[in-house]
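>>> Task: produce atomic coordinates for the following.
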Amino acid sequence: MAGSELVDPTTISGPVQPAFPLTANHLDKFVEYRHTSFGQISTIAKVDLPRGSHFCYITTQIPVPKTTWSSIQTSKTDHIELASGLVYMNHSCAPTLEIEVYSPNSKGEYPNGRAGEFRVLKDRDLKAGEELTFFYPSTEYMSPRPFDCLCGAGEGVCIGRQAGAHFLPKTVLDIYFMNDHIKELVAERDGGANVVEKLGSVGQTMQTVSG
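Okay, here's the model as predicted:
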């Protein structure tokens, strides 16, 4: 599928057209695009994968000076554009994937040219036909464009409004895999290293969350 210009889907009416072919980041064998009922793009798994398995690396990253609606935070101060079909991976409070991002060195270079890895959750398999989603606060401390969550995970699981980890209590963050920069920023917010220890011991293992 040929790409077009990446546009904020909230600024247009009608179906959104993908800006990136799925061959970017070598996604075409594992992912397909599908329009949601709102006309926006979602990413759908084409294959079954066992729990905890590697899904893909982020290799098409473009560093950007500040957070945007489409960027991913890779450290306390660094952000990237994904520049591939991964940008259409939606948020969910009951995600099918988790993302571990890597911090760049002092020259802005990422290890082995990879800015991160998407993995299947440790406690559930991924089935073909499922939407590919991740928990946005696992990378984003303060989202530049908060939104009401429509993931449908249900009461007691859905956070209601996605605005970044800054606005969530650690009891919620403890449920999910959290990246190191989020642990550090949450610890600074809450004024104690014990928060990092808690997130490190509990958040590394994703608990079962289902709608």
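
>>> Can you show me the strands along this structure?
For the chain, strands defined by DSSP state E occupy the ranges 31-35, 41-45, 54-58, 62-64, 71-73, 79-81, 90-91, 97-101, 116-120, 133-134, 147-148, 161-162.

>>> How about residues contacting the fourth one?
To tie it back to what came earlier, the one meant is strand 62-64. Strand 62-64 is contacted by residues Ser71, Asp78, His79, Ile80, Glu81, Ala83, Pro104, Gly108 when judged by C-beta atoms under 8 Å, 6 or more residues apart in numbering. All C-beta spots, glycine's among them, are computed from the backbone N, C-alpha and C.

>>> so what's the first one bridging to?
Under the criterion DSSP bridges, Ser71 forms beta bridges with Glu81.

>>> how near is it to Leu97?
18 Å (C-beta to C-beta, to the nearest Å).

>>> picking up where we left off before, turn the contacts of strand 62-64 into JSON lines, including distance to Asn90, neighbour count and pLDDT.
Formatted as JSON lines, the contacts of strand 62-64 follow (distance: C-beta to C-beta, whole Å; neighbours: other C-beta atoms under 10 Å; pLDDT from 0 to 100):
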{"residue": "Ser71", "distance to Asn90": "15", "neighbour count": "23", "pLDDT": "97"}
{"residue": "Asp78", "distance to Asn90": "23", "neighbour count": "20", "pLDDT": "98"}
{"residue": "His79", "distance to Asn90": "19", "neighbour count": "20", "pLDDT": "98"}
{"residue": "Ile80", "distance to Asn90": "18", "neighbour count": "21", "pLDDT": "98"}
{"residue": "Glu81", "distance to Asn90": "17", "neighbour count": "16", "pLDDT": "97"}
{"residue": "Ala83", "distance to Asn90": "18", "neighbour count": "18", "pLDDT": "95"}
{"residue": "Pro104", "distance to Asn90": "26", "neighbour count": "18", "pLDDT": "97"}
{"residue": "Gly108", "distance to Asn90": "28", "neighbour count": "8", "pLDDT": "92"}
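
>>> Glu131 and Lys46 touch, don't they?
No. With contacts counted by C-beta atoms under 8 Å, Glu131 stays clear of Lys46, the gap being 12.0 Å.

>>> With neighbour numbers in mind, choose between those two.
More crowded of Glu131 and Lys46, by other C-beta atoms under 10 Å: Glu131, with 17 against 14.

>>> ok, Arg124 touching Ser53?
No. The pair Arg124 / Ser53 is not scored as a contact, 11.4 Å apart, by C-beta under 8 Å.

>>> how big is the angle separating the longest helix along the chain from strand 97-101?
Counting residues, the longest helix found in the chain (DSSP state H) is helix 180-190. Compare the direction of helix 180-190 with that of strand 97-101 by axes from the mean of the first three to the mean of the last three C-alpha atoms, to 10 degrees and you get 80 degrees.

>>> From the contact counts, what lies against helix 180-190?
Contacts defined by 3 or more C-beta pairs under 8 Å, 6 or more residues apart in numbering; DSSP states H and E place helix 180-190 against helix 170-173, helix 194-202.

>>> Okay, buried residues for it please.
The neighbour-count check on helix 180-190 (16 or more other C-beta atoms under 10 Å) flags Asp180, His181, Ile182, Lys183, Glu184, Leu185, Val186, Ala187 as buried.

>>> One more: stretch 145-155?
Within stretch 145-155, judged by 16+ other C-beta under 10 Å, the buried ones are Cys149, Cys151, Ala153.
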